[in-house]
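> Compute the structure for the input listed below.
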Amino acid sequence: MRRTWLVLALLATCLAIGVVAAYSWIWVSGGSAAPSTPITAPRLRPANDSPEPGKTAPVNELPKTSSSKPSAKSPRTTTLQAANTTASGQQLYRVTPEESEVRYIIDEIKRGQPTTVVGTTNQIAGDILIDSNNPSASKVGTLRINVRTLRTDEERRDRATRSRILQSAQAEYEFVEFSPTDIGGLPAAIELGVPIALEINGQLTVRDITHPVSFKTTVTLVSAQRLEGHGVTTIRRSDYDLVIPSVPFIADVSDDVRLEIDFVATLANSG
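You can find the predicted model right below:
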């Protein structure tokens, strides 16, 4: 009997050492949540933004008119056409990270209790080009998110995400990208203060895996200088081979992951 207890104690000790070693490895390999570089994304340019060699063309100059007096027909700007546009009627907006947020939302069973995990970051970049003359020609550029900077309410979970799940501690997996391919629901005219319901379809790349994704999005041109929006979609972890490490106190993690984006984009220059 004594020998049996000794064997069980030895096994328990080995298991404890293994768990501690695994957690220590995750903690160390998870690294820092600090971004390696300021967040940027591929930039869009208005159609007529073709500067001469050695010169930089201003993107958002007021169009020249024969009179600086406001039109009597429109005491205030009600459409983007009357706002600060280029000659082509296009305006370039750039996402402002400080006023934006990306979230992932996932359900898990932790210590026997259903739990909703929310991870957030404001490290998102991207351009939006609005064409007031032809709204159907408006574009959303590639959105880039630094997923290394995602944070939840638990540092241990965040380190596991960086080291084992998203592997964003590695330089090649620090960023996730959404590359839009088409936009459904663009209106015939864009008016200030009027929300627009869109479906933005594109390719979402996580690590080295890409799948088509569609974001249900609401966008509002709050002013000639400010664009606000909210987008949401649901993806499956299994589609991107996002495996949750096995730990004693986590019984289950949902395959569905809800992704949300709240963004502010402000009028930008082409540079």
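> Is residue 235 in a helix, a strand, or coil?
Look at residue 235: counting by DSSP: H, G, I helix; E, B strand; the rest coil, its state is strand.
> In the stretch 1-150 of the chain, where is pLDDT below threshold?
Scanning the stretch 1-150 of the chain for pLDDT under 70 picks out the ranges 1-30, 48-88.
> And the strands in it, which stretches?
Secondary structure of the stretch 1-150 of the chain (DSSP state E, counting those that start in this stretch): strands located at 90-95, 101-110, 113-121, 124-125, 127-131, 139-140, 143-146.
> Grab the nearest non-local neighbour of residue 223.
What sits nearest to residue 223 in space, not counting adjacent residues and going by C-beta to C-beta, 6 or more residues apart in numbering, is residue 192, at 6.6 Å. Placement of C-beta: from N, CA and C, glycine included.
> Next, give phi and psi for that neighbour.
phi -60, psi 130 (degrees, to the nearest 10).
> Correct me if wrong: it contacts residue 227.
No - counting by C-beta atoms under 8 Å, residue 192 sits too far from residue 227 to count as a contact (10.5 Å).
> These two - which one has more neighbours?
Neighbours were tallied for residue 192 and for residue 227 using other C-beta atoms under 10 Å; the higher tally belongs to residue 227 (24 against 17).
> where does that one land on pLDDT?
On the pLDDT scale, residue 227 is placed at 98.
> Ok, residue 215 next?
pLDDT, residue 215: 98.
> dump the residue contacts of it.
When contacts are counted by C-beta atoms under 8 Å, 6 or more residues apart in numbering, residue 215 touches 178, 199-202, 231-233, 259, 261.
> who does it bridge with?
Going by DSSP bridges, residue 215 is paired in beta bridges with residue 200.
> before we move on, back to that, figure out which of the strands of the stretch 1-150 of the chain is closest to residue 221.
Of all the strands of the stretch 1-150 of the chain, it is strand 127-131 that lies closest to residue 221, at 7.4 Å by C-beta to C-beta.
> What segments of the stretch 151-271 of the chain are helices?
Shown for the stretch 151-271 of the chain, the helices assigned by DSSP state H, counting those that start in this stretch span residues 155-160.
> What of the stretch 1-150 of the chain?
Ranges of helices within the stretch 1-150 of the chain are 2-29, based on DSSP H, counting those that start in this stretch.
> Report the buried residues of stretch 162-181.
Under the neighbour-count criterion of 16 or more other C-beta atoms under 10 Å, stretch 162-181 has 162-169, 173-180 buried.
> ditto for stretch 33-43
So, applying 16+ other C-beta under 10 Å, buried residues of stretch 33-43: 33, 39, 41, 43.
> about what we covered before: mutual contacts of residue 192 and residue 227, please.
Counting by C-beta under 8 Å, 6+ apart, the shared contacts of residue 192 and residue 227 are residue 221.
> Please name the residues that touch residue 264.
95-96, 99-100, 226-228.
> and the nearest residue to it once chain neighbours are set aside, how many residues sit next to it?
Nearest in space to residue 264, with sequence neighbours left out and distances taken as C-beta to C-beta, 6+ apart, is residue 99 at 3.8 Å. Look at residue 99: counted by other C-beta under 10 Å, it has 14 neighbours.
> how far away is residue 99 from residue 221?
In this view, residue 99 and residue 221 are 15 Å apart by C-beta to C-beta, to the nearest Å.
> just residue 157 next, same as before
For residue 157 relative to residue 221 (C-beta to C-beta), the value is 38 Å.
> before we move on, what about residue 141?
Counting by C-beta to C-beta - residue 141 and residue 221 are separated by 17 Å.
> tell me the domain ranges of the protein?
Taking automatic domain parsing as the reference, the chain has its domains at 1-30, 38-43+77-267.
> among the ones you listed, which is the most enclosed?
domain 38-43+77-267 (a mean of 17; mean count of other C-beta atoms under 10 Å).
> Kindly check the end-to-end length of that one for me.
End-to-end distance of domain 38-43+77-267 (C-alpha to C-alpha, to the nearest Å): 20 Å.
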